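1. Prediction below, plus the sequence it came from.
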Amino acid sequence: MSILIRNARVITASDDYQADIYIEGERIQAIGKGLNVRASQTIDATGKIVFPGGIDPHVHLDMPFMGTFSSDSYATGTLAALHGGTTMVIDFILQTQGKPLYHALEAWRGRSDGNCYGDYSFHMAVTDFNESTRKEVGQLIEKEGITSFKTFMAYKGALMIDDGQMVGLMQEVRERGGMVTVHATNGDMIDGLIAKHRAEGKLSPLYHYLSQPEVTEAEASGRFVDLAHYTGVPAYIVHLTCEGALNQVREATYRNQKVFVETCIQYLLLDASLYEKNPEGAKWVMSPPLRQKKDQETLWAGLNQGLVQVVATDHCPFQWEQKMMGKDDFSKIPNGHPAIEHRMELLWSEGVQKGRISPNKYVEVTATNPAKIFGMYPRKGCIAVGSDADLVIFDPLHQHKLSASNHHMNVDYSAYEGWEVQGKCETVILRGEVAIDKGEVKVKKGYGQFVRRGKAGKVV
Ligand code: URP
Ligand code: ZN
Ligand code: ZN
């Protein structure tokens, strides 16, 4: 099987030029103007843009959480991702406290193996670090290609680890060549505020937001950055939302420390005023919560300053009925929102189209940096001879509206209902196969492969 894409405007993290791209099998074979090759399929991309397939390094598919499961399976979630130009996701395995890491890996494999349309990998969330889990870290890196280890500084009693465990894990991961990532919020402080609001009968979604003030994230981010500096481990903060937290990272650069930062599309585009709606505000109950307009400005600036390297989604969808488990108590609303399908188009429309970020920055934060940071570059995240042919053919003039009535995610509401978007992922190619063509699915469930990752990158 071979594909020739003619007359594309090719955008990468560094370049922007007109060319043809020739794909043979799973890989890009040639790039150049007026390529003299024959292919089994030719796609005319005149007027279109071609950029690398998106990599979303923060999604939760079919995940047991807060007494239920996130509503997208590996099939529906990776298919929705492909519709939206994301060809690969990195999902999270959650260790059960008291059980081995491998026990969780087997459970996650049971749900994901053979079910994905798009490519995928896993981070391992270590929720109980002890002498036996220590031994598994090296095995996961060397044998399984799982090279990033997620920690939670919140969700006490389920996922949170203490600072002693954090330091132990960091030392082991550093030794083995991996990376530690973190959900950085102060769990004890948040639990105290939740208890206070509940005792006062303050139970609407607004109090989810008011239980996680900016200081809870800034403090934990600073603490994590300090521990990473002490241990020397490559470190990555997931879903960073606010000025106070980013300033902790900025501060660390003064002592020449490098900490990678991910924000998510919702923190760039949505703000906390949505929590005033009751019960509708439950749609946006996530942790950390949406913040203020000034935080959005900080995050856009952070992207352009190179302090924020990745835009992900933290896709963790729940049906409205599941959200309504917390109709009388915000602390019981399953945390998370659906976005896996919309990240690429929203960031183009709101970011590039509106002049907030350049087209090259767009590719950098949606594909190239995730590939570099998480040990997949240059196989993934770029358009280069020899790289996987994971490509999006994007129509920058196509305007459309986001809605639950036309999205592909398994969730009965849209967090972006009615948003007008300029630009559409028209054709999506994954490892040399057209996966989506003008809304039509061309690959089968199971086409998506598990990607074994190399040691996590220390620089981008
Ligand atoms: O609200 C969120 N973010 N749900 C998913 C779990 C997490 O903290 O990332
Ligand atoms: Zn989190
Ligand atoms: Zn998450």
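-> That came through, no problem. Ligands and ions are numbered 1, 2, ... in the order given.
2. Pull out the buried positions in stretch 201-216.
-> Using 16 or more other Cβ atoms under 10 Å as the test for burial, stretch 201-216 gives 203-214, 216. Where C-beta positions appear, they are placed from N, C-alpha and C, glycine not excepted.
3. What is the burial count for Glu280?
-> 14 (other Cβ atoms under 10 Å).
4. Same question for the one 4 residues further on.
-> Counted by other Cβ under 10 Å, the residues lying close to Trp284 total 23.
5. And for Ser273?
-> Counted with other Cβ under 10 Å, Ser273 comes out at 13.
6. Spatially nearest residue to Tyr17 (excluding sequence neighbours)?
-> Among residues not flanking Tyr17 along the chain, Val10 sits closest, at 5.7 Å (Cβ to Cβ, 6 or more residues apart in numbering).
7. Just checking the distance from the helix or strand hosting that neighbour to the centre of its chain.
-> Val10 is part of strand 2-11 when elements are defined by DSSP states H and E. In terms of Cα atoms, centre = their mean, to the nearest Å, the centre of strand 2-11 is set 27 Å apart from its chain centre.
8. and the gap between the residue nearest to Tyr17 and Leu246?
-> 32 Å (Cβ to Cβ, to the nearest Å).
9. If I look at the residue in the stretch 1-150 of the chain positioned nearest to ligand 1, what pLDDT would I see?
-> Using Cβ to the nearest ligand atom, the closest approach of the stretch 1-150 of the chain to ligand 1 is made by His60 at 5.3 Å. On pLDDT, His60 comes in at 98.
10. since we're on it, how many residues are nearby?
-> Counted by other Cβ under 10 Å, the residues lying close to His60 total 23.
11. since we're on the closest residue in space to it that isn't next to it in sequence, how many residues are nearby?
-> Among residues not flanking His60 along the chain, Cys316 sits closest, at 4.0 Å (Cβ to Cβ, 6+ apart). Cys316 has 25 neighbours, counted by other Cβ under 10 Å.
12. I'd like the numbering to begin with 29 instead of 1 from here.
-> Noted, 29 is the first residue going forward, which turns the last one into Cys344.
13. Tell me which two in the buried residues of stretch 229-244 are the farthest apart.
-> Within these, Leu231 and Glu242 form the most distant pair, 22.2 Å apart (Cβ to Cβ).
14. got the residues of the protein near ligand 1?
-> 88, 211, 314-315, 342, 344, 363-364 (Cβ under 6 Å from any ligand atom).
15. Those in strands, which ones?
-> His211 (DSSP state E).
16. hmm, back to that, the strand holding Val38 pairs with which strands?
-> strand 44-52 (antiparallel), strand 69-72 (parallel), strand 77-80 (parallel) (DSSP bridges).
17. if we can go back for a sec, the residue nearest to His88 and Met94 touch, don't they?
-> No: Cys344 lies out of contact with Met94 (Cβ atoms under 8 Å); the separation is 9.9 Å.
18. joint contacts of the two?
-> Shared contacts of Cys344 and Met94, defined by Cβ atoms under 8 Å, 6 or more residues apart in numbering, are found at 362-363.
19. OK, contacts around Lys76?
-> Counted by Cβ under 8 Å, 6+ apart, Lys76 has contacts 36-37, 421-424, 454.
20. Which two among those are spaced furthest apart?
-> Arg37 and Glu454 (13.3 Å).
21. looking at it, Gly62 is touching Asp48, isn't it?
-> Yes: contact criterion Cβ under 8 Å: Gly62 and Asp48 qualify, at 6.8 Å.
22. ok, the two, which is more surrounded?
-> Asp48 (23 against 8).
23. Pretty sure the more buried one sits against Ile31.
-> No: Asp48 lies out of contact with Ile31 (Cβ under 8 Å); the separation is 10.6 Å.
24. Need the CA coordinates for stretch 333-347. CSV is fine.
-> In CSV, the C-alpha atoms belonging to stretch 333-347 read as follows (Å, rounded to 0.1, in the frame of the first residue of the first chain):
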residue,chain,number,x,y,z
GLN,A,333,7.6,31.6,26.5
GLY,A,334,8.3,27.9,26.2
LEU,A,335,7.4,27.3,29.9
VAL,A,336,4.4,25.2,28.8
GLN,A,337,5.4,22.6,26.3
VAL,A,338,2.2,20.5,25.8
VAL,A,339,-1.5,21.0,25.3
ALA,A,340,-3.4,17.8,26.3
THR,A,341,-7.0,17.2,27.2
ASP,A,342,-7.2,15.1,30.4
HIS,A,343,-10.1,13.5,28.6
CYS,A,344,-12.2,11.8,31.3
PRO,A,345,-15.8,11.7,30.2
PHE,A,346,-18.9,10.8,32.1
GLN,A,347,-22.5,10.6,31.0
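25. avg pLDDT for that stretch?
-> 99.
26. For it, buried residues please.
-> 335-347.
27. residues of the longest helix along the chain that come out buried?
-> Using DSSP state H to define each element, the chain has its longest helix at helix 242-259. Under the neighbour-count criterion of 16+ other Cβ under 10 Å, helix 242-259 has 242, 244-253, 255-257, 259 buried.
28. now do stretch 255-273
-> For stretch 255-273, by 16+ other Cβ under 10 Å, it's 255-257, 259, 261-273.
29. from these, which ones fall inside helices?
-> Among the buried residues of stretch 255-273, the members that lie in helices (by DSSP H) are 255-257, 259, 271-273.
30. ok, back up a step: among the buried residues of stretch 333-347, find me the one that's closest to Val439.
-> So of the buried residues of stretch 333-347, ranked by how close each gets to Val439 (Cβ to Cβ), first place is Pro345, at 4.1 Å.
31. how far away is that closest one from Tyr303?
-> Taking Cβ to Cβ, one finds Pro345 at 18 Å from Tyr303.
32. so who does the residue in the stretch 129-278 of the chain that ligand 1 sits nearest to touch?
-> Closest residue of the stretch 129-278 of the chain to ligand 1, Cβ to the nearest ligand atom: His211 (4.9 Å). Counting by Cβ under 8 Å, 6+ apart, His211 touches 178-183, 187, 266-267, 315.
33. Would you format the residues you listed as CSV with pLDDT included?
-> Putting the contacts of His211 into CSV (pLDDT from 0 to 100) gives the following:
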residue, pLDDT
Lys178, 98
Thr179, 98
Phe180, 98
Met181, 98
Ala182, 98
Tyr183, 97
Leu187, 98
Val266, 99
His267, 98
Ser315, 98
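34. so where's this structure shaky on pLDDT?
-> 486 (pLDDT under 70).
35. Got the domain ranges for it?
-> Using automatic domain parsing, the domain parsing of the chain gives 30-79+415-425+451-469, 81-401.
36. closest to Ala484 out of those domains?
-> domain 81-401 (3.5 Å).
37. Any idea how far the longest helix of the chain is from the middle of the chain?
-> 21 Å.
38. Distance check, Val380 against ligand 1.
-> 26 Å (Cβ to the nearest ligand atom, to the nearest Å).
39. That residue is in contact with Val391, isn't it?
-> No: using Cβ under 8 Å, Val380 is not in contact with Val391; the gap is 9.8 Å.
40. and stretch 158-165, which residues are buried?
-> Within stretch 158-165, the residues scored as buried using 16+ other Cβ under 10 Å are 161-162, 164-165.
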